[in-house]
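[1] only geometry, no sequence info:
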Ligand code: TTP
Ligand code: MG
């Protein structure tokens, strides 16, 4: 019964005049946001706390729907895709990922229980968490979650990245997922992600991360302040210059 016409196979994203207010609030969070991301492009999203970065992300897998405007993926309105198919094509790593009570293996292969151990290990290596897992006494069988071993926020984020990568998503979204990484590990992670050839959106506070993206979207108070390459923003955006200097 699969609707083959609705399959996401490019991962090109377009926001057209998006306005968004959370259902339980009356204050608008995004006001008239429009931009396009090409298939396979890597976009960094920057902006102050409360600018609306996470809110913008949440609209893509339809955790919320925009109040007005249209979002398309591969030129089709996202509300026309079956929800499970839309979400299966998107690897979304939230700002504070949750692990469920179970083993690391179960947490990584969640959503793809058919994965082989080779696939699981490859995803963990790419997410730069394999070595850490090997140091645990029970390795991939280690229990995590409320009753399990204590993991740092950064380690949870990387398990969550492995969970996203194992499904080979067309669109990968990382919400501040590399903040806990040192520069070398982060570089390795971003190089590994390149081999997946997916459209990638990365929310980051770090210029070193943003510089590795094709373009940078600067969000301020729910509006796009600038969108362009590192070099073009350096030349044109006062806010970006301030971020770089800080
Ligand atoms: P965010 O979209 O969370 O802003 P941000 O991701 O840019 O900030 P940070 O760097 O701190 O992660 O918030 C924008 C506004 O939306 C803010 O007023 C809080 C509100 N908001 C909600 O009301 N509900 C939500 O679930 C979220 C994520 C944000
Ligand atoms: Mg956020």
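    Perfect, I can see it now. Values in this document were obtained by computation on a predicted structure and should not be read as measured data. Ligands and ions are numbered 1, 2, ... in the order given.
[2] quick one: secondary structure of residue 150?
    Here residue 150 is recorded as coil under DSSP: H, G, I helix; E, B strand; the rest coil.
[3] Distance of it relative to ligand 1?
    For residue 150, the distance to ligand 1 equals 24 Å [C-beta to the nearest ligand atom, to the nearest Å]. (Each C-beta comes from the backbone N, C-alpha and C, glycine too.)
[4] cool, and residue 38?
    For residue 38, the distance to ligand 1 equals 23 Å [C-beta to the nearest ligand atom].
[5] Need the pLDDT of that residue.
    Looking at residue 38, its pLDDT reads 97.
[6] how many other residues sit next to it?
    15 (other C-beta atoms under 10 Å).
[7] Just to check, it is in contact with residue 74?
    No - using C-beta atoms under 8 Å, residue 38 makes no contact with residue 74, being 11.2 Å away.
[8] what touches both of the two?
    The contact sets of residue 38 and residue 74 overlap at residue 12 (C-beta atoms under 8 Å, 6 or more residues apart in numbering).
[9] Three-state assignment for the residue nearest to residue 139 when sequence neighbours are not counted, please.
    Take residue 139 and drop its neighbours on the chain: the residue closest to it by C-beta to C-beta, 6 or more residues apart in numbering is residue 133, 5.7 Å away. At residue 133, secondary structure determined by three-state DSSP is helix.
[10] any idea how far residue 133 is from ligand 1?
    Noted for residue 133: a distance of 27 Å to ligand 1, by C-beta to the nearest ligand atom.
[11] Could you tell me the model confidence score at the residue of the chain most remote from its centre?
    The C-alpha centroid of the chain is most remote from residue 137, which lies 30.3 Å away (C-alpha atoms, centre = their mean). Model confidence at residue 137, given as pLDDT, is 92.
[12] wait, what's in contact with it?
    Contacts of residue 137 (C-beta under 8 Å, 6+ apart): none.
[13] Need the three-state assignment for it.
    coil.
[14] Look up phi and psi at it.
    The phi and psi torsions at residue 137 (degrees, to the nearest 10) take the values phi -60, psi -40.
[15] Against ligand 1, how distant is it?
    Distance, residue 137 to ligand 1, using C-beta to the nearest ligand atom: 35 Å.
[16] pLDDT at the closest residue to ligand 2 within the chain, what is it?
    At 3.1 Å from ligand 2, residue 54 is the closest residue in the chain, using C-beta to the ion. Each residue has a pLDDT score; the one for residue 54 is 98.
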